[in-house]
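> structure for this input, please:
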Amino acid sequence: MAKPSKPAKRRPGVKRGTTRGRAKAPARARTPPAKRTPPRKAAARVRAALWPVTVLSVTDTQSGDPDTSPGAFEARILAEGDSWFTIGAIPSSNLLFELRFPRRTAVVNIAYPGDTIVRIADIAANPDLREMLTDRNSGWRWHAIVLSGGGNDLIDRARECLRAPPGGSGSAPADYVDAAALGRVIAEVKKGYRDIAALRDSTSLNAGVTIVAHTYDYATPRNAPAKFLFAGFKGPWLHRAFTDAGVPEPLRVAIADRLFDALADGITALEREIAHFRVVRTRKSLVRAALGETGASGDWLNEIHPTSAGYAKLAAKLEPVIDAVVAAALP
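A predicted model of the protein is given here:
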């Protein structure tokens, strides 16, 4: 008679009815979540890896030096405008110096401090613009044209756009704005841009090249003049106009914003009126200067010019638009 078989010995840790026990996996060390870089810092790192533009004058381009020929660069941009594209004040800085792109880019700068878009568009008084856009011997086929214009037109005529209500009865910003006069200024600014576009399209050299403009930002009317090398102090501009018009100080910021909004709306409307015309919305890019401050405040060096850090913020807004325009124009 066969002996009954002995029950199999259970392996430690194996329950009855199971076939094989699995060794417990050692606990895995928890990896701390990766730190996320704040968007602003990430954007700053990306910009730092790009090429700064090389800003050239017309004289540079005609010197015969191959290193300053626009043709030696991957991209060519023509810049025309006011002090935001030139020397705004001491310490020296401007918006063009802050531009960065993924390719070596020459910016030929024919801007002049204090220029208005009306004077820029006066072809008889602006031979550089005509030459750079239409002359095949000294001009170029540009990949983009960038303009900074309209701000001085408004600032120079700010007093004209303000009115004093009879008997000081004004209680709202609109009470102190001459809407008809402001409308005339904006109409002249728009005509200046249209005239420049017409010059661009007058020959095949630069017909259809995209123009990129911007809408400035909100300047605070304050007694903060600009200091210029060899020219001493100039300004303030808005502060003087508002004081002469008897505008109450508590209303000045809101009234100035109303003026700059009208300018921005006028320039932006040109996107629907001019072919190959782009506008970068730059309002609310800068930290506003405090009313009553007489020196640098927020992102503003003086009453109407940003600091270098302010210009860098504006450049970061313009760069993607200009880069897309240039990329589309490259062969």
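
> so which residues of the stretch 201-331 of the chain form helices?
With DSSP state H, counting those that start in this stretch as the criterion, the stretch 201-331 of the chain has helices at 238-244, 249-269, 308-329.

> now the shortest one, how far from the centre of its chain.
Looking back up the chat, that one is helix 238-244. 26 Å (C-alpha atoms, centre = their mean, to the nearest Å).

> show me which residues of it are buried.
238-242 (16 or more other C-beta atoms under 10 Å). All C-beta atoms are positioned from the backbone trio N, CA, C, and that covers glycine.

> now the helices of the stretch 201-331 of the chain as TSV including mean pLDDT?
Formatted as TSV, those follow (pLDDT from 0 to 100):
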stretch	mean pLDDT
helix 238-244	97
helix 249-269	98
helix 308-329	97
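
> sec struct for Leu78, please.
On the three-state scheme (DSSP: H, G, I helix; E, B strand; the rest coil), Leu78 is labelled strand.

> out of the helices of the stretch 201-331 of the chain, flag the one nearest Ala226.
Closest to Ala226 of the helices of the stretch 201-331 of the chain is helix 238-244 (C-beta to C-beta; 12.0 Å).

> using PDB, write out every CA atom in that closest one.
The C-alpha coordinates for helix 238-244 follow below in PDB (Å, rounded to 0.1, in the frame of the first residue of the first chain):
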ATOM      1  CA  LEU A 238       3.500 116.800 -21.900                       C
ATOM      2  CA  HIS A 239       3.900 118.300 -18.400                       C
ATOM      3  CA  ARG A 240       4.300 121.800 -19.900                       C
ATOM      4  CA  ALA A 241       1.300 121.400 -22.200                       C
ATOM      5  CA  PHE A 242      -0.900 120.100 -19.400                       C
ATOM      6  CA  THR A 243       0.200 122.900 -17.100                       C
ATOM      7  CA  ASP A 244      -0.400 125.600 -19.700                       C
END
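
> tabulate the helices of the stretch 201-331 of the chain (CSV), appending distance to Pro225.
Shown next, in CSV, are the helices of the stretch 201-331 of the chain (distance: least, C-beta to C-beta, whole Å):
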stretch, distance to Pro225
helix 238-244, 9
helix 249-269, 17
helix 308-329, 17
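
> which one of those lies closest to Gly71?
Nearest of those (C-beta to C-beta): helix 308-329, 14.8 Å.

> report the buried residues of that closest one.
Within helix 308-329, judged by 16+ other C-beta under 10 Å, the buried ones are 308, 310-319, 321-323, 325-326, 329.

> tell me which other helices or strands that helix touches.
helix 39-48, strand 75-81, strand 100-101, strand 144-148, strand 211-214, strand 277-280 (3 or more C-beta pairs under 8 Å, 6 or more residues apart in numbering; DSSP states H and E).

> how does it look with 6 Å?
strand 144-148, strand 277-280 (3 or more C-beta pairs under 6 Å, 6 or more residues apart in numbering; DSSP states H and E).

> give the contact list for Cys161.
Shown in contact with Cys161 (C-beta atoms under 6 Å, 6 or more residues apart in numbering): 178, 181-182.

> which non-adjacent residue is nearest it?
Excluding the flanking residues, the one nearest Cys161 by C-beta to C-beta, 6 or more residues apart in numbering is Leu182, at 4.4 Å.

> now do the helix or strand where that neighbour lies against strand 75-81, angle only.
Element membership for Leu182 (DSSP states H and E) is helix 179-200. Interaxial angle, helix 179-200 versus strand 75-81 (axes from the mean of the first three to the mean of the last three C-alpha atoms, to 10 degrees): 150 degrees.

> buried stuff in helix 179-200?
Result for helix 179-200 [16+ other C-beta under 10 Å]: buried residues 181-182, 185-186, 188-190, 192-193, 195-197, 199-200.

> hang on, Phe97 in a strand?
No - applying three-state DSSP, one finds Phe97 to be helix, outside a strand.
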